[in-house]
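Asker: Build the 3D model from these lines:
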Amino acid sequence: MRRMGRATAGTMLLALALLLAAGPAGAQIRAPDVPQPRAAGDLVGVLLTNPTGQRLPAGPVTFGQVFAPGQVPAGATLTARVEGAAVPVQIDAKATHPDGSLRMAVVTLAAPALGAGAAVP
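Answerer: As a prediction, this is how the structure comes out:
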């Protein structure tokens, strides 16, 4: 077997990943629906899902989130609502807008346990 350089191996892995993501020939790829904020004062809609056939225990969930200018002013705190209950979040700011408001952050929150195939907005 011939040994590949790093660039060639990386290109092969990328091509393989694209083929796997594309699915069967002729199949359409559709982006999932993005949950929208539901109540006044909500900034982001998130849907926690468990696509597995097994129960998932409660634990931290981390994701990246982008915010519009002025949406999260400098020094503001955020709280998540999961199943109607307030849940504290950890915000790790990664970038700010020129006005000092939050532009991009890594958000971590405590997710509830999810049954097999369950989803929680």
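Asker: okay, CA-based contacts and neighbour counts for the rest of this
Answerer: OK.
Asker: the longest strand in the protein is where?
Answerer: strand 85-96 (DSSP state E).
Asker: partner strands of the next helix or strand after that strand, parallel or antiparallel?
Answerer: Helices and strands here follow DSSP states H and E; after strand 85-96, the next one along the chain is strand 102-111. Strand pairing for strand 102-111, determined by DSSP bridges: strand 59-66 (antiparallel), strand 85-96 (antiparallel).
Asker: Check the offset of the longest strand of the chain from the chain's centre.
Answerer: 13 Å (Cα atoms, centre = their mean, to the nearest Å).
Asker: Lowest mean pLDDT among the helices and strands, pick that one out for this structure.
Answerer: Least confident helix or strand of the chain, by mean pLDDT, DSSP states H and E, is helix 6-22 with a mean of 43.
Asker: Name the next helix or strand downstream of that helix, please.
Answerer: According to DSSP H and E, the helix or strand after helix 6-22 is strand 48-49.
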